[in-house]
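S.K.: No sequence on hand, only this structure:
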């Protein structure tokens, strides 16, 4: 043990903890129902989140927390590793419970110990949700409402915060890890957790009902195209073609709506980059998880308090060109950096990739054209379209369907210009054929019968034409339904 108790023996709170007999019951938590499962059970409850807490629980927790802050030396606690610090806090809290005669069950005491440890060392009530690998998104709407996305469906949890001040404190703790800040002067912030999960915070006065926190979690286990096949997101033949596309250095744009799996798919495609290639990534909040040994990760920077020092995505993409990249990967194309990415793609940086928000491959091309126009480039529309045709080889469209499942709905080639219209051809598309008894959509990935795609010569240059031909033939003759 350590802390103020040990360092100041004359102080009243530091007196030795008596091994007192069982105290008289104090009905602090009498109204709280007994938990139905042990704390260590890994199975998620039917109603997601923690056991519901009543007001008495939070009153008790606040009293114990105040006594803990008085009894412990935080400067010494900060020198310990997380496990040792957690054990120290648990020991002190147990003694406080004993001295103050709080009566609770063993399960209630364990829950309280976990909550207090999470408040001091982690992200408070969010810790149980962050520990679950089946959650894709955590959405906190003020201190009293927390939603999660599991299996593509949004569910309300029982997780709540003491008040908006506690929630704001946790938001500041998260963003400060990556050198950013969120307060009334700067109420919008993008950040990330240490595991790469993306974080967005919007605070009052912009968020009327209290701080709003959104966390896009990533699985601890890195997904691969083979696993996407297992989940039905793409057919085996389509996955084989995507592997060839990644291997032969086609310039790829991954398009889709929010939560459709664009970043996951981009991570999967980068698995097929050769290990001797130099890859540079540019992101607003670093979330890509590349496995190659030679990767340089760059991240934008917001302006300082004085409004200076901002580094935009366009600045990063332009600087990439001076860093001898072989591939440039942009986490998400949102603005005028689209122009610089296209310039890089058609000036010797083959195999570059990026993601953007669009509902179809055709719309993705229009979005890129619009972003370049809004960037202030006074170029004729035909010139921009010629750049698009010469830069982008393949568009992969991802979608989240109404039953929550994620599917790759199009693998589309950019062919050329006919007049002022960009022509494309689909290699693979996903057709929805019905719905099963559980409400899950049933569909199939099918080949459009294209036997010789535009990137065939590129595949032959890399010795992948036989593999590509085999995948196209298998797709044409081996189509199969894919359930949701």
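M.R.: All right, it came through fine. All figures in this text were calculated on a predicted structure; none of them were measured in a lab.

S.K.: Report the central residue of the protein.
M.R.: Centroid-nearest residue in the chain, with C-alpha atoms, centre = their mean: residue 216, separated by 3.2 Å.

S.K.: Residue 254 should be in a helix, yeah?
M.R.: No: counting by DSSP: H, G, I helix; E, B strand; the rest coil, residue 254 is located in no helix; its state is strand.

S.K.: secondary structure element for residue 147?
M.R.: Under the criterion of DSSP states H and E, residue 147 resides in strand 146-150.

S.K.: what are the pairing partners of that strand, and which direction each?
M.R.: strand 135-141 (antiparallel), strand 153-156 (antiparallel) (DSSP bridges).

S.K.: Just put these in CSV and tack on mean pLDDT and mean neighbour count.
M.R.: Every C-beta, even on glycine, is put in place using the N, C-alpha and C of the backbone. Converted to CSV, the strands paired with strand 146-150 look like this (pLDDT from 0 to 100; neighbours: other C-beta atoms under 10 Å):
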stretch, mean pLDDT, mean neighbour count
strand 135-141, 93, 20
strand 153-156, 90, 12
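
S.K.: Out of those, which is closest to residue 265?
M.R.: Comparing these by their distance to residue 265 (C-beta to C-beta), the top pick is strand 135-141, with 14.2 Å.

S.K.: what's that closest one in contact with?
M.R.: The contact list for strand 135-141, computed with C-beta atoms under 8 Å, 6 or more residues apart in numbering, reads 126, 129-130, 146-150, 152, 154, 161, 167, 209-217, 259.

S.K.: Let's see that with 6 Å instead.
M.R.: Applying C-beta atoms under 6 Å, 6 or more residues apart in numbering, the contact partners of strand 135-141 are 129, 146-150, 212-217.

S.K.: same check, this time on stretch 198-215
M.R.: So stretch 198-215 is contacted by 138-143, 164, 167-168, 171, 174, 182, 187-192, 197, 216, 285, 287 (C-beta under 6 Å, 6+ apart).

S.K.: Show the buried residues in those.
M.R.: 138-143, 164, 167-168, 171, 174, 182, 189-192, 197, 216, 285, 287 (16 or more other C-beta atoms under 10 Å).

S.K.: Disregarding flanking residues, what is the spatial nearest neighbour of residue 263?
M.R.: residue 287 (6.1 Å; C-beta to C-beta, 6 or more residues apart in numbering).

S.K.: In this protein, where is pLDDT below threshold?
M.R.: 1-55, 74, 78, 477-484 (pLDDT under 70).

S.K.: what comes up buried for the biggest strand by length in it?
M.R.: When the chain is parsed with DSSP state E, its longest strand is strand 421-435. Within strand 421-435, the residues that qualify as buried are 422, 424, 426-430, counting by 16+ other C-beta under 10 Å.

S.K.: JSON lines for those residues, including distance to residue 66?
M.R.: Shown next, in JSON lines, are the buried residues of strand 421-435 (distance: C-beta to C-beta, whole Å):
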{"residue": "422", "distance to residue 66": "65"}
{"residue": "424", "distance to residue 66": "64"}
{"residue": "426", "distance to residue 66": "64"}
{"residue": "427", "distance to residue 66": "64"}
{"residue": "428", "distance to residue 66": "61"}
{"residue": "429", "distance to residue 66": "61"}
{"residue": "430", "distance to residue 66": "57"}
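
S.K.: And the residues you listed, which is closest to residue 365?
M.R.: Distance to residue 365 across the buried residues of strand 421-435 (C-beta to C-beta) is lowest for residue 422, with 5.6 Å.

S.K.: give me every residue that touches that closest one.
M.R.: With C-beta under 6 Å, 6+ apart as the criterion, the residues that contact residue 422 are 365, 385.

S.K.: So what pairs up with it in the strands?
M.R.: When bridges are called by DSSP bridges, residue 422 pairs up with residue 417.
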